[in-house]
Every structure is written in structure tokens, then in C-alpha cells.
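*Asks:* with the input below, show me the fold.
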Amino acid sequence: MVTCMMNEKIQEALNEQLNAEIYSSYLYLSMSAYFQGTDLAGFANWMRVQAREELMHAMKFYDYINERGGRVKLKEIAAPQLEWESPQAAFEHVYSHEQKVTNLINDLVNLAISEKDHATNNFLQWFVTEQVEEEASANGILQKIKIIGGEGSGLFMLDQELGQRVFTPPTTSAEK
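*Replies:* Modelled structure (predicted):
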């Protein structure tokens, strides 16, 4: 049995974030299903790739907790929303959700600093950078939807663009 080398407050907060990342994956998978049902296969693809990426984020937390001698504690995952009134409403939700995740990551960094847990602070810096990208990506698509008005040939072209997204898993242990 591994003895917990991790500060209890940090362990609890990292477990909460692990579960938040799994919820994010679940939410984006629900959005993928919504878009699939509205015949927007490109939007569905983008969300499915995003769901896989969020699950990868969860696994980073899972692995880190274990590497530090902590105990992973999985909790119930709430059911995500199933329907949105439009592609724009869905991406407004994505953007808002990513802003919420950014706040959660920032709170974790603040906790790591206050607890003088330099290893965890260092680990979290990857997520700080990742959240800048996540928010920019979501907002970029949202702005495109607003420009095209959310329908017609512009929406079709955006759907084609989003259909090109491919999930690329990390290839080295440094990216784990």
C-alpha cells in the first residue's frame, strides 16, 4: 500500500479537478450527440475530439495523483445537458464552460502556491497554458458562428472546417 505523500487539501482538490475533467468530456460527448442529431457532422466531430482531449486531461490528473502517492477518488458524474437551441447556444456554453475550467485551474494554482507545493504548481502550469488555448478555440468558433448568422451556406462551410479536426494523443512521456 502506498503511503500518501501528498498534502490532503491538494489531493482533495486534484480529485475534484479530475472529476471536473471527466464531466467536461461527458458534456462534450453530449454535445457531439446533439450535433449528430442535427446533421452537423463536422460540429459533432469537433465535440467528439474535444471529449477525448478532456478525458486525456482527466488522466493527467489521475496519473499525477498516483505518482505523488495520493489516492484517486472517483465521484459521481452529473448528467450533462442534452439539447441546445442552436449551434451558437452550444458554443456559448462551450466558451462559458472553458472559462469556468480556467477558474478551477487558477484556484488549484493558488492552492498549490499557498500550500507551498511546488511540484503541483509546476504540474498545473501545463493546464494554465492549455486553458488559454481552449478558451481561444471556443471563442474563435463562437465568433465565426456569430459572423455567419448561424445558418445557411456559412454554417455548412464551418461544419466542413470543424469536420477536419483530428485527435492527436501525446507521443512522449514528457507530454503525458
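*Asks:* from here on, contacts and neighbour counts on C-alpha atoms
*Replies:* Noted.
*Asks:* centroid residue for this protein?
*Replies:* Closest to where the C-alpha atoms of the chain average out (CA atoms, centre = their mean) is Glu54, at 4.0 Å.
*Asks:* how about the secondary structure of that one?
*Replies:* Secondary structure of Glu54, reduced to three states by DSSP: H, G, I helix; E, B strand; the rest coil: helix.
*Asks:* tell me what the lowest-mean-pLDDT helix or strand in the chain is packed against?
*Replies:* Scoring the helices and strands of the chain by mean pLDDT, DSSP states H and E places helix 152-162 at the bottom, with a mean of 93. Counting by 3 or more CA pairs under 8 Å, 6 or more residues apart in numbering; DSSP states H and E, the packing neighbours recorded for helix 152-162 are helix 41-67, helix 118-148.
*Asks:* which residues does Gln50 contact?
*Replies:* Contacts here follow CA atoms under 8 Å, 6 or more residues apart in numbering; on that basis Gln50 touches Ser25, Tyr28, Phe167.
*Asks:* how far away is it from Ala20?
*Replies:* Shown here: Gln50 relative to Ala20, a distance of 14 Å by CA to CA, to the nearest Å.
*Asks:* got it, and Glu53?
*Replies:* From Glu53 across to Ala20, the span is 13 Å (CA to CA).
*Asks:* same check on Asn45?
*Replies:* With the distance defined as CA to CA, Asn45 ends up 22 Å from Ala20.
*Asks:* next one: Tyr28
*Replies:* When distances are taken as CA to CA, Tyr28 and Ala20 turn out to be 12 Å apart.
*Asks:* which one's more surrounded, the two?
*Replies:* Of the pair Tyr28 and Ala20, Tyr28 is the one with more neighbours under other CA atoms under 10 Å, namely 25 against 20.
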